[in-house]
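> When you get a sec, could you give me coordinates for this:
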Amino acid sequence: MSVDLSSLNPPQREAVLATEGPVLVLAGAGSGKTRVITYRVAHLLDKGVSAKNILAVTFTNKAAAEMAERVTSLVGERRAKGLTVSTFHAFGLSLLKRELHRLGYPRRFAIVDASDQVSLVKRCLKEANDADRRFDVRRLIALISRAKMNGGALKSAAGGDEAYEEMARDVHDRYQRALFAMAGVDFDDLITLPAKIWQQFPQVLEEHRWQYRYLLIDEYQDTNAAQFRLVKLLGGEAQNVCAVGDDDQSIYGWRGAEVEHILRFEKQFRRVKEIRLEQNYRSTGHILSAANAIIAKNPSRKAKKLWTDRGDGEKISTVAAPTEEDEAKFIADEVVRLHYDEKRKLSDFAILYRTNTQARPLEEALHASSLAFDTHGGLKFFDRKEVKDAVAYFRLCHNVQDDVSLARIVNTPARGIGDATMEKLHARARERGLHLFSVMKHAAEAPDLAPASLESIARFVELIERYQRLVETNGWSHAARELCREVDLWSECKKNVESARAASRKVENLEGLLHGVERYEEQHPGAGVAGYLARVSLDSRDEEPGQSASDAVTLMTLHSAKGLEWPVVFLCGVEEDLLPHSGMQGEIADPEEERRLAYVGITRARERLYLTRAATRFKHGRSKERTPSRFLTDIPGEHLEAVDLSVPRGPREEEAMQRGHDFFARMKTLLADLPAEEDS
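Residues are numbered from 1 along each chain as shown. Reported below is the predicted structural model:
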């Protein structure tokens with residue numbers, strides 16, 4: 001049965017039906033782009049295209065899973081079987097599993113995550129930096145990453161700093177050799193190595209072109225140079241490439257995204273069909289008018305104008321507060337009022353800001369008003385020490401050449417293999433061109449190791465080799481739990497913690513990991529430890545901030561908010577130097593991207609929008625005067641309602657606010673009277 005397209009508006013329908021040749025779908029905020037992509041896939045299947053010939057790529061696991069689920073709900077599981085919907089990194093990983101050996105790598109390889117990458121680069125820096133000058137490791141990693149994404153252009157990535165450029169080049173070479181020696185790849189390699197394989201082995205590229213004859217790229221404005229190369233190579237002569245995105249929402253230039261890919265799409269592909277989705281299904285008229293007015297000032301863009309049939313709605317409140325504390329208190333009070341008077345859930349509210357440094361007064365004000373809130377940007381699950389320790393054990397048992405994982409857990413828990421011993425082992429590994437575990441297996445041959453150290457090393461080698469056999473069985477989740485029990489990671493969770501409650505949380509995290517391992521084995525029989533570790537690596541990288549499952553106010557940066565929406569949004573710090581943001585030198589690096597960021601923030605709101613600012617803000621130890629953002633003057637006055645907090649509120653507003661505060665105070669008292677949880 002064919003999918004019914006009657007629910008699509010005319011431009012959406014046009015985008016779905018244009019299946020042959022290159023197509024650019026300019027999808028404005030809230031215009032139903034995911035709907036277009038899923039219906040387009042369904043229509044291709046209706047035309048008789050095999051599911052295995054379709055590749056849909058997006059940027060997060062969450063978006064890919066949602067897309068796959070929506071396609072399946074449209075066409076059914078049987079017809080969707082064989083369809084590839086994934087992130088760029090997941091697609092690259094699946095290709096490398098089959099083809100990486102062509103570049104001289106072993107069949108088994110490790111994926112080095114961000115924190116392990118830091119450890120590896122630190123080691124390479126120590127080897128390279130004879131003058132012992134202090135270099136920022138994360139800056140070096142960023143330079144190496146940008147160079148890899150751009151085909152090796154370290155000079156432009158370093159921004160004119162010759163010392164950093166030279167050191168990044170030296171560290172990059174050592175880092176790549178170290179990765180290869182440990183049979184490891186980093187996240188950038190998941191994009192760059194597939195292209196390298198395709199270019200060196202044309203027959204492999206032809207095989208993939210034959211399989212993936214129809215490409216759909218979501219969030220095309222966020223592609224970097226390496227991702228574009230993949231798309232261009234895979235598109236081939238047929239060029240059945242459908243790129244869906246919005247140049248007005250390109251806000252990731254700082255991490256390598258190039259808006260030029262969408263602006264110059266018609267110059268990169270032949271006979272492009274361009275379709276604009278401008279009807280917005282999310283926001284009210286006043287909100288869209290403000291967004292249109294701000295983004296229209298950008299000279300480099302594909303002209304489009306969002307519109308809605310939902311009516312004008314409430315005017316936008318522009319709030320001028322004397323200080324950042326007053327700004328925060330107003331927001332907390334307004335949440336209380338709307339929550340109480342309009343019976344809105346706390347999860348209906350989002351507070352967005354340009355930088356994380358703005359969060360402190362906002363959190364304090366919400367706490368003082370007894371409002372539950374969820375600040376995004378904290379430590380992710382797979383970044384927690386107890387979780388990373390356990391995963392490092394799993395990685396090493398799967399791939400003993402993984403030097404980074406070995407270095408992490410060789411003395412965790414403490415087993416008498418200290419830093420001095422490891423330095424000697426590292427030196428022997430470098431001299432002989434071997435990985436660490438191989439050197440440890442033959443540690444008895446080293447003349448400079450103490451007998452006690454040799455004994456500890458032998459026990460460690462025996463442990464890893466024993467579990468190396470066990471985790472390769474079908475019941476590897478049982479082996480994983482036994483490994484954690486034998487090395488007693490539960491006791492490790494209780495060391496050096498502030499309280500019994502903190503230790504309990506760490507134990508819960510470790511238990512949660514092992515439960516996740518068991519669930520994965522149930523849901524993916526036969527995938528084994530390799531499948532699980534690949535999923536962990538991709539999930540740990542995937543930045544997917546979302547609305548909390550609990551009823552709480554959301555706090556997050558504008559960058560994190562992209563792709564999300566709320567009924568009520570407070571956009572804070574709408575001031576010069578904050579939005580648009582200026583760097584350390586007081587200059588705005590990319591005014592057009594800052595304007596796009598404001599546009600993204602405004603279009604997160606469905607019903608109510610508040611643009612707040614402070615006349616003074618505390619910075620570098622003293623109070624500084626602030627200037628209203630240029631973006632405020634771009635919005636026509638008929639869409640705005642000004643609120644000046646230096647003017648006292650009326651008695652009606654004060655009464656409503658007091659009722660709300662009394663309600664939350666009563667709730668807080670009731671909760672305080674409940675029996676407290678035990679700490680242990």
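> Check the chain for its longest strand and report it.
Longest strand in the chain by number of residues, with DSSP state E as the criterion: strand 605-619.
> where in the stretch 101-250 of the chain is pLDDT low?
When residues are selected by pLDDT under 70, those of the stretch 101-250 of the chain lie in 130-133, 152-161.
> all strands for it, in order.
Counting by DSSP state E, counting those that start in this stretch, residue ranges of the strands within the stretch 101-250 of the chain are 110-111, 184-185, 214-217, 241-245.
> Now render the ones you listed as TSV, adding distance to Glu594.
C-betas here are computed from N, CA, C, even on glycine. Supplementary listing: these in TSV, determined by distance: least, CB to CB, whole Å:
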stretch	distance to Glu594
strand 110-111	34
strand 184-185	34
strand 214-217	25
strand 241-245	19
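> tell me the phi and psi of Glu325?
Dihedral angles phi and psi of Glu325 (degrees, to the nearest 10) take the values phi -70, psi -40.
> give me every residue that touches it.
By CB atoms under 8 Å, 6 or more residues apart in numbering, the residues touching Glu325 are Pro361, Glu364, Ala365.
> Please apply the same query to Gln117.
For Gln117, the contacting residues are Ile141, Asp186, by CB under 8 Å, 6+ apart.
> please redo it, this time with the cut-off set to 6 Å
Asp186 (CB atoms under 6 Å, 6 or more residues apart in numbering).
> how close does it get to Asn61?
According to CB to CB, to the nearest Å, Gln117 stands 20 Å off from Asn61.
> And the strands of the stretch 101-250 of the chain: which comes nearest Leu611?
Relative to Leu611, the nearest member of the strands of the stretch 101-250 of the chain by CB to CB is strand 241-245, separated by 26.1 Å.
> For the closest one, which strands pair with it and how are they oriented?
Sheet pairing for strand 241-245, assigned by DSSP bridges, gives strand 23-27 (parallel), strand 214-217 (parallel).
> which one of those strands is the most hemmed in?
strand 23-27 (a mean of 26; mean count of other CB atoms under 10 Å).
> okay, it in PDB with CA atoms only?
The C-alpha coordinates for strand 23-27 follow below in PDB (Å, rounded to 0.1, in the frame of the first residue of the first chain):
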ATOM      1  CA  VAL A  23      17.800  18.200  -4.300                       C
ATOM      2  CA  LEU A  24      18.400  20.900  -1.700                       C
ATOM      3  CA  VAL A  25      15.500  21.300   0.800                       C
ATOM      4  CA  LEU A  26      15.900  24.500   2.700                       C
ATOM      5  CA  ALA A  27      13.900  23.700   5.800                       C
END
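> Would you mind listing the outside residues contacting it?
15, 33, 242-244, 246, 265, 272-277, 302, 304.
> before we move on, what about stretch 301-311?
Counting by CB under 6 Å, 6+ apart, the neighbours of stretch 301-311 from elsewhere in the structure are Leu26, Gly28, Asp247, Arg276, Glu278, Asn280, Thr284, Gly285, Leu288, Asn292.
> Next: stretch 486-495.
Under the contact criterion CB under 6 Å, 6+ apart, stretch 486-495 has outside partners Glu386, Ala390, Pro413, Ala503, Lys506, Val507, Leu510.
> Just the buried residues from these, in PyMOL please.
Once 16 or more other CB atoms under 10 Å is used to decide burial, the buried members of those can be selected in PyMOL as follows:
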select buried, resi 386+390+503+506+507+510
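> Pull the most distant pair out of the contacts of stretch 486-495.
Using CB to CB, the contacts of stretch 486-495 span at most 15.7 Å, a distance reached by Ala390 and Ala503.
> contacting residues around the residue nearest to Phe618 when sequence neighbours are not counted?
Using CB to CB, 6 or more residues apart in numbering and skipping residues adjacent in sequence, the residue nearest Phe618 is Glu324, 6.6 Å away. Under the criterion of CB under 6 Å, 6+ apart, the contact list for Glu324 reads Pro361, Ala614, Arg617.
> Look up how far Ala42 lies from Pro11.
18 Å.
> Please compare the two by neighbour count and tell me which comes out ahead.
Ala42 (23 against 19; other CB atoms under 10 Å).
> element containing that one, please.
helix 33-46 (DSSP states H and E).
> Please work out the angle formed by the directions of that helix and strand 23-27.
Angle of helix 33-46 versus strand 23-27, following axes from the mean of the first three to the mean of the last three CA atoms, to 10 degrees, is 150 degrees.
> Please compute how far helix 33-46 lies from its chain's middle.
Chain-centre distance of helix 33-46: 25 Å, with CA atoms, centre = their mean, to the nearest Å.
> Show me what that helix packs onto, helices and strands only.
With contacts taken as 3 or more CB pairs under 6 Å, 6 or more residues apart in numbering; DSSP states H and E, helix 33-46 sits against helix 10-17, helix 61-75.
> Make JSON lines from those helices and add distance to His478 and mean pLDDT to it.
JSON lines is the format used below for the helices and strands packed on helix 33-46 (distance: least, CB to CB, whole Å; pLDDT from 0 to 100):
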{"stretch": "helix 10-17", "distance to His478": "48", "mean pLDDT": "97"}
{"stretch": "helix 61-75", "distance to His478": "27", "mean pLDDT": "91"}
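> which residues touch the residue nearest to Gly92 when sequence neighbours are not counted?
Using CB to CB, 6+ apart and skipping the chain neighbours, the partner closest in space to Gly92 is Leu190 (3.7 Å). With contacts defined as CB under 6 Å, 6+ apart, the neighbours of Leu190 are His89, Gly92, Leu93.
> From the centre of this structure, point out the most distant residue.
No residue in the chain sits farther from the centre than Pro447, which is 47.3 Å out by CA atoms, centre = their mean.
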